[in-house]
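*Asks:* Predicted model and sequence below, questions to follow.
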Amino acid sequence: MRKKIAVFIIMFMMATSCAFAEEGGQFTGNDYLSLTNQKRLDIVTSLINDAKAGGVAIKQTPVSYCKKLDDFYAKHPVIKKEPLATVLKTLIIMEYDWEQKGVDKDALARQWLGDKTYQQNKIRLKK
C-alpha cells in the first residue's frame, strides 16, 4: 500500500507545478539535499513562515518536516527534481497540518491530492 501511495504522489508531483511560497520557486529537492542541515532547516523554516504569513497555521516544527523530507527523498529519489515548496506543501497537507481559516482540511486534502491519493492517505493515517 505504501508503494502505491508513493508512486501516486510521485506522479502527482510531476504533474503539478504549484508552489505555496514564491521564494521556493524552482528550488528543488536536489537543491535542498545539497545544503547543510542548518541551511535545510533555514529554507524549510522560511517556506513555513511564508505560509504562516499567508494565513496558514502549521503546528509541526520545521525540524519535523526536514526529517520527513529527508526520508521521503531517500525513499523516492525521482521526486528530487520537483519544486521543494510543492513537495513540502504536499507533506503538510497529507499530515492534516495545513490549517487555514475557512478552509476544510479534509476538502483541501481531497482537492490537492486527488481522490485516489486522498483515500490512500486516509488509510495510511489510520495505521
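*Replies:* Received the coordinates, thanks. Numbering: from 1, shown residues only.
*Asks:* now Arg124: how far from Met94?
*Replies:* 8 Å (CB to CB, to the nearest Å). Where you see a C-beta, it was placed from the backbone N, CA and C, and this is true even at glycine.
*Asks:* Compare the two (neighbour count), which wins?
*Replies:* Between Arg124 and Met94, counted using other CB atoms under 10 Å, the more crowded position is Met94 (21 against 13).
*Asks:* per-residue pLDDT, the more buried one?
*Replies:* Model confidence at Met94, given as pLDDT, is 95.
*Asks:* Wait, it touches Lys122, no?
*Replies:* No: using CB atoms under 8 Å as the test, Met94 is too far from Lys122 to be in contact (10.1 Å).
*Asks:* where's the residue sitting nearest the centre point of the chain, which helix or strand?
*Replies:* By CA atoms, centre = their mean, the mean C-alpha position of the chain lies nearest to Leu88, the distance being 2.5 Å. Assessed by DSSP states H and E, Leu88 sits inside helix 84-94.
*Asks:* just checking, what packs against that helix?
*Replies:* Helices and strands touching helix 84-94, by 3 or more CB pairs under 8 Å, 6 or more residues apart in numbering; DSSP states H and E, are helix 2-15, helix 29-33, helix 37-53, helix 62-75, helix 105-113.
*Asks:* what's the angle from that helix to helix 37-53?
*Replies:* 70 degrees (axes from the mean of the first three to the mean of the last three CA atoms, to 10 degrees).
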